[in-house]
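Chemist: here are the coordinates; sequence isn't available:
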């Protein structure tokens, strides 16, 4: 059976109602008792995912910022962090502001936004963290000296793919560009993605990546699914992710993660 199981959170482990199914939690607990390793790997900021991991009573490590930060759940200690070079963060943010985008930048524990609008309030409700308004973000980066771990543009759903393609053309050679959810296009330092995070966790725990499972629902999960021994998309996943997955499980609302844990982590016949 597989020894390491890594799951995305929103749309994968997390149900549409914001909860994690009890059947899935029971399967994870049984897997942990048998010596398996289970970890959340999310694009969320660290300050958003650690309280959730603690509430779920998960041990070990959690990955945030698309792989840009890996932290101990219990203590919050960062064991890996890969921020942008300051000049790169300034350059990217300035360009996004010139293009008129609603922009977020993320420091270690906070996020800053150049627009106060309904998109911001919706996002704050989801992640459980309040943003701070800075009308000129690139100047804030320059003057504050804060480390920046991720930059995103919030866009209309119908604009997500065109904006993603534009960002790939503008930034794709030097940075990692991806998208998640319905209206987030994200930029992180090159090489910091969920696939490299999976490899880091496998090495940390002394597990061959071939003995790992990765589960996700959106395109930002693709590097993780490709790096794992078994890449799994939930039924509600984007079609482009299903095409790179080894198999498709039930949806997030039907305990798809729990079903995979039971079958491939615990060896239960289903």
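Modeler: Arrived safely. Computed from a predicted model, the values in this text were never measured in an experiment.

Chemist: I'd guessed residue 31 sits against residue 38; true?
Modeler: Yes: using C-beta atoms under 8 Å, residue 31 makes contact with residue 38 at a distance of 6.0 Å. To be clear about C-beta, it is placed using only N, CA and C from the backbone, and glycine gets the same treatment.

Chemist: shared neighbours, those two?
Modeler: Shared contacts of residue 31 and residue 38 (C-beta atoms under 8 Å, 6 or more residues apart in numbering): 5, 261.

Chemist: now find how far off-centre the host helix or strand of residue 152 is within its chain.
Modeler: Per DSSP states H and E, residue 152 falls inside strand 150-154. Relative to the centre of its chain, strand 150-154 is centred 13 Å away, using C-alpha atoms, centre = their mean, to the nearest Å.

Chemist: helices or strands up against the helix or strand just after it?
Modeler: Using DSSP H and E, the helix or strand that follows strand 150-154 in sequence is helix 160-171. Helix 160-171 is packed against strand 175-180, strand 184-189, with contacts defined by 3 or more C-beta pairs under 8 Å, 6 or more residues apart in numbering; DSSP states H and E.

Chemist: what are the contacting residues of helix 160-171?
Modeler: Residues from elsewhere that reach helix 160-171 (C-beta under 8 Å, 6+ apart): 92, 95, 101, 153, 155, 177-179, 182-185, 187.

Chemist: show me the two of those residues that sit farthest apart.
Modeler: Farthest apart among the contacts of helix 160-171 by C-beta to C-beta are 95 and 182. That separation is 23.2 Å.

Chemist: which of the two has more residues huddled nearby?
Modeler: Using other C-beta atoms under 10 Å as the criterion, residue 95 and residue 182 rank with residue 95 on top: 15 against 12.

Chemist: Three-state assignment for the more buried one, please.
Modeler: Three-state assignment for residue 95 (DSSP: H, G, I helix; E, B strand; the rest coil): helix.

Chemist: the nearest residue to it once chain neighbours are set aside: neighbour count?
Modeler: Leaving aside its chain neighbours, residue 95 sits nearest to residue 170 (6.7 Å; criterion: C-beta to C-beta, 6 or more residues apart in numbering). By other C-beta under 10 Å, 16 other residues sit near residue 170.

Chemist: state the distance from residue 170 to residue 150.
Modeler: Using C-beta to C-beta, to the nearest Å, we find residue 170 at a distance of 16 Å from residue 150.

Chemist: name every strand pairing with the strand holding residue 152 and say which way it goes.
Modeler: strand 102-106 (antiparallel), strand 184-189 (antiparallel) (DSSP bridges).

Chemist: could you pull out the helices in this protein for me?
Modeler: Assigned by DSSP state H, the chain shows helices spanning 22-33, 46-55, 86-98, 118-127, 137-144, 160-171, 194-205, 222-227, 239-242, 256-260.

Chemist: so for the longest one, what gets flagged as buried?
Modeler: Counting neighbours by 16 or more other C-beta atoms under 10 Å, one finds that the buried residues in helix 86-98 are 88-94, 96-97.
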